[in-house]
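Engineer: no sequence on hand, only this structure:
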């Protein structure tokens, strides 16, 4: 296990980007990949901070209250009275796979750099970010600066999360160059490889991305086919559990958070992968991205 600088000897991690309400036909739940990541990391025992912006509206008030109820701090959720709190309308296929309709020009499109964000970045052991929150240049600049300010030994995880048409070559290229860990699914791998002209077998394309961007870890989720994690001395594949799927919302974020926190706990990468897959499977059996997590899952 690593030694950590804070008095509690716990890792400090952050998810920076979108925070919003996932609006289902029957309910609405806290969402946004960085917020989901932060919640799971918190439940695993890390000191975990969602970094984003929410409006001064009723949705924003409720969002902050919900974060507190989940045990997370809202200190780094900037209040933006000029923009509405983000919302995503979600419909589910028969297999529980979500389809998203994402609100434009939400508060999380306008995350601004302030001094306390820089101080937070400078003490982190890991940060997770994606491409969706970079659709607006204001949040894009803040995310890039935040990630660059993390210590050189920190894990910088790009959980790519390609949504609708809210990405382009520049966003993906710059994000890959900021990161040293990459998590994506098989569909996203295809989009990235088509965009940059990477061809050949899956092994060949993964090897190109790994070398091209000087990555330390690539985590590839394959839906019902399982997952694969590649590191310097590791190429570990797992088949998917056969489970009754409630929905898959947040399962990828739970995979990412568990992979990172398990690594900070000093576990071998293959073991981190096993724990990440177990957590993703757990999420698939429960509704939404922030279910109660059993105490036995804690890593710190």
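Structural biologist: Looks like it arrived, so ask away. Just so it is clear, the model here is predicted, and its values are computed rather than measured.

Engineer: centre of the chain versus stretch 165-174, how much separation?
Structural biologist: 17 Å (Cα atoms, centre = their mean, to the nearest Å).

Engineer: give me every residue that touches residue 157.
Structural biologist: 126-129, 179, 181-183, 256, 260 (Cβ atoms under 8 Å, 6 or more residues apart in numbering). All C-beta atoms are positioned from the backbone trio N, CA, C, and that covers glycine.

Engineer: that one belongs to a strand?
Structural biologist: Yes. Assessed by DSSP: H, G, I helix; E, B strand; the rest coil, residue 157 belongs to a strand.

Engineer: quick check: residue 193 touching residue 201?
Structural biologist: No. Using Cβ atoms under 8 Å, residue 193 makes no contact with residue 201, being 10.9 Å away.

Engineer: before we move on, the earlier item: between the contacts of residue 157, which sits nearest residue 165?
Structural biologist: residue 129 (19.2 Å; Cβ to Cβ).

Engineer: these two touch, right, the closest one and residue 143?
Structural biologist: Yes. Between residue 129 and residue 143 there is a contact under Cβ under 8 Å: 5.3 Å.

Engineer: so which of the two has more stuff around it?
Structural biologist: residue 129 (28 against 25; other Cβ atoms under 10 Å).

Engineer: now do the contacts for residue 21.
Structural biologist: Taking Cβ under 8 Å, 6+ apart as the contact definition, residue 21 lies against 28-31, 59, 63, 85-88.

Engineer: which stretch of helix or strand covers it?
Structural biologist: Here residue 21, judged by DSSP states H and E, is contained in strand 20-23.

Engineer: mind listing the strands the helix or strand just after that strand pairs with, and their directions?
Structural biologist: Next along the chain after strand 20-23, taking DSSP H and E as the criterion, comes strand 28-31. Sheet pairing of strand 28-31 (DSSP bridges) gives strand 20-23 (antiparallel).

Engineer: closest to residue 238 among the contacts of residue 21?
Structural biologist: The closest of these, once distances to residue 238 are taken by Cβ to Cβ, is residue 31, at 26.0 Å.

Engineer: could you give the number of residues near the nearest residue to the closest one once chain neighbours are set aside?
Structural biologist: Distances taken as Cβ to Cβ, 6 or more residues apart in numbering put residue 22 closest to residue 31, at 3.5 Å, once the chain neighbours are dropped. Residues lying near residue 22 (other Cβ under 10 Å) number 24.
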